[in-house]
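Novice: Quick one, fold the following:
(one chain, ligands or ions: 2)
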Amino acid sequence: MRTSIATVSISGEFPEKLSAIAKAGFSGVEIFENDFLAYDASPADVGRMVRDHGLDITLFQPFRDFEGMPEPHRARVFDRVERKFDLMGELGTDLMLVCSSISPIALGGIDRAAADFAELGERAAKRGLRVGYEALAWGRHVHDHRDAWEVVRRANHANIGLILDSFHTLSRKIDPNSIRSIPGDKIFIVQLADAPLIDMDLLYWSRHFRNMPGEGELPVVEFMRAVAATGYNGPLSLEIFNDQFRGGSARAIAEDGHRSLIYLMDQVVRQEPDIKIPVPAMPERVKAKDVAFVEFTASKDEQAELAALLHTLGFEHTARHKLRNVDLYQQGDIRLIINTEEEGFANSSYSVHGTNAYAFGIKVDDAKAAIKRAHMLGAATFSEPRYPEEVLIPAIEGVGSGVIYFLDETPELASVWQSEFEPVSSNPTPVGVGLKRFDHLAQTTRYDEMPTWLLFYSAIFNVNRTPMVDVVDPGGLVRSQAIESVEQGCFRLTMNGAENRKTFAGKFLAEGFGSGIQHLAFTTDDIFATADALKARGFQALPISRNYYDDLEARFGLDPDFADRLRDNAILYDRDDKGEYFQIYSRTYGEGLFFEIVERRGHYAGYGAPNAPFRIAAQRRLSRPDGLPKG
Ligand SMILES: O=C(O)c1ccc(O)c(O)c1
Ligand SMILES: [Mg+2]
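Specialist: Numbering: from 1, shown residues only. Ligands and ions are numbered 1, 2, ... in the order given. Reported below is the predicted structural model:
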């Protein structure tokens, strides 16, 4: 499997782009002409630089406004082509992309274009070069790969072929299955990009909003299945025009790109097993069954504070690690760990971020297979020195240099709580205030990092993504999107992307020095009973404004007594046609960490997004630095 990426997809100067691309594992690059023009080195030097990085040049692009020109423009276009052929010789690449003309003076007609390409084929052949024709979605006469293919077919020249670009085909909703009848050897290169579904001008959409396959909403898998079914076995080349990527981290974007191609082809080969493209075999997407535990790191002083908060939430200290300063707190099926070790990874995480939920475990069917898949998708495996008595729990690095552990039912992993922990309480599964399971974990990250992590989770795990919702914080916008295991209701994780530091989420990032789990949500089967039990334990709920309840009553036509009960218990409420949702929030702890208790009734599948602005406003009121009343 040969992977390639257009230089335009990556931020930085030419050398920085190349080094990021090579490090991420690509085998080639498309040289986008403007990147080359902006860089002050001879074509031969640039070619050498590329090869010194172990990369080859898969394509030189784009050559614009070639076909259909009336004389005298036509002659000039051919002169221009010859100059670019010279350049390609010096760079050391044999493939040029011609995109369909947008020139207002270009004439239409498949045969006229085919004749131009036949002549171009002759000229290219003399130099041992090849030319591929790509239909831009906004091309003047040709804007459909089926027409571009007809031009190439009629040009009937060995040195002229077709270039397919998923964006141009899928943005126009052209059926990708129309590709299946094209001979694979006439497809000279395939360019891949995804995009979010936004209804806007095609050119603007293409130049600003493309993203990596799997990050957007276009049927790129269907497209690539059709391409692979033709017998195509050339490079898979990413061509991503994206405003955020241009300003992002070259390394992260390149790594995302490589991961996106491996993930894409893994899906393709499972559905088209006879393709020619060699795809590395890997275990299937991991079924995430549940959150097995969440682990906090804290100093000894802060442990006491955090443990007190957990106590008011109904958790009991049930066990202590036999060899380490690690304590286990339980309630229902929920396990929380506080790690106060003074060396090792947890401690470094504490030094950088303060008290934080730096790790979590996921219950899977086969932890070894999970690690293998994650590894093949470029995730870094995580391990720490351990005592001989300690079990090796397979783990990877996750969001914000947090850790994700995998636990399965193999004897060693299933018994880790018994083998490594000493009970300190006679009741290992306290009922507490009635919290039963994790409902979801919420990770906060910078908005521009969200695609990275959504791709990371979706490539490794068998999860669906919910649509992105905008949450208005008085300090700016926060965008929120959830991933959920396909097997309904087992594993849920919400990602919140903060655009700036003034939002509550943005402050968490700034003060905690990076992305991480900002809140943990637990389920109860009876929110009112839990609210009473919480009060009895001295739990302080996040106070919610009276206005919210007046509106709630009006909006949903609630019975006033019911609305009063919600208000008296600071319970937030939402309802849709599938069911109801009840939420109680804790006050924030430390740099903005908090807890949520939810009850889902019926088949409510959301996260109370309409309530988020009021929750945030309440949190901000409490954390005002001006010393005004705290609640
Ligand atoms: O936006 C463009 O002009 C452009 C240029 C070359 C391509 O391969 C492409 O897909 C788009
Ligand atoms: Mg293209």
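
Novice: CA atoms for contacts and neighbours, from now on please.
Specialist: OK.

Novice: contacts for the top helix by length along the chain?
Specialist: In the chain, taking DSSP state H as the definition, the longest helix is helix 250-271. Outside helix 250-271, the residues within contact range by CA atoms under 8 Å, 6 or more residues apart in numbering are 3, 5, 10-12, 16-17, 20-21, 23-26, 212-214, 221-222, 224-225, 228, 236, 238, 245, 275, 279-282, 377-378, 452, 455-456, 459.

Novice: That helix: which residues count as buried?
Specialist: Neighbour counts using 16 or more other CA atoms under 10 Å place 250-269 of helix 250-271 among the buried residues.

Novice: same check, this time on stretch 421-434
Specialist: Buried residues in stretch 421-434, counting neighbours by 16+ other CA under 10 Å, are found at Phe421, Glu422, Pro423, Pro428, Thr429, Pro430, Val431, Gly432, Val433, Gly434.

Novice: in the sheet, who's paired with the first one?
Specialist: In this structure, Phe421 has beta-bridge partners His321, where bridges are defined by DSSP bridges.

Novice: how near is it to Gln244?
Specialist: Here the criterion is CA to CA, to the nearest Å. By it, Phe421 lies 46 Å from Gln244.

Novice: same question, the last one
Specialist: Distance of Gly434 to Gln244, given as CA to CA: 44 Å.

Novice: hmm, back to that, which of the buried residues of stretch 421-434 scores worst on pLDDT?
Specialist: In terms of pLDDT, the least confident member of the buried residues of stretch 421-434 is Pro428, at 75.

Novice: Please, which helix or strand holds it?
Specialist: Under DSSP states H and E, no helix or strand contains Pro428.

Novice: you'd agree it is up against Phe315?
Specialist: No - at 10.8 Å, Pro428 and Phe315 do not qualify as touching, with contact defined as CA atoms under 8 Å.

Novice: Look up the residues that both of those two are in contact with.
Specialist: Counting by CA under 8 Å, 6+ apart, the contacts common to Pro428 and Phe315 are Gln330.

Novice: just to revisit the earlier point, now the longest helix of the chain: average pLDDT?
Specialist: For helix 250-271, the per-residue pLDDT averages 97.

Novice: What helix or strand is Val291 located in?
Specialist: Per DSSP H and E: Val291 is located in strand 290-297.

Novice: average pLDDT across that strand?
Specialist: pLDDT averaged over strand 290-297 gives 96.

Novice: By mean pLDDT, which helix or strand of the chain comes out lowest?
Specialist: The least trusted helix or strand in the chain, going by mean pLDDT, DSSP states H and E, turns out to be helix 504-511, with a mean of 83.

Novice: following that one, which helix or strand shows up next?
Specialist: On the C-terminal side of helix 504-511, the nearest following helix or strand under DSSP H and E is strand 516-524.

Novice: so what secondary structure elements neighbour that following strand?
Specialist: Helices and strands in packing contact with strand 516-524 are listed as strand 356-363, strand 435-446, strand 594-602; criterion 3 or more CA pairs under 8 Å, 6 or more residues apart in numbering; DSSP states H and E.

Novice: Quick one: closest of those to Tyr387.
Specialist: strand 356-363 (19.5 Å; CA to CA).

Novice: Relative to the whole chain's centre, how far out is whichever helix or strand comes after the closest one?
Specialist: Using DSSP H and E, the helix or strand that follows strand 356-363 in sequence is helix 367-376. For helix 367-376, the distance between its averaged C-alpha position and the chain's averaged C-alpha position is 18 Å (CA atoms, centre = their mean, to the nearest Å).

Novice: Report all helices and strands that helix 367-376 contacts.
Specialist: For helix 367-376, the elements it packs on are strand 395-397, strand 403-407, helix 450-460, judged by 3+ CA pairs under 8 Å, 6+ apart.

Novice: which parts of it are buried?
Specialist: Residues of helix 367-376 classed as buried under the neighbour-count rule (16+ other CA under 10 Å) are Ala367, Lys368, Ala369, Ala370, Ile371, Lys372, Arg373, Ala374, Met376.
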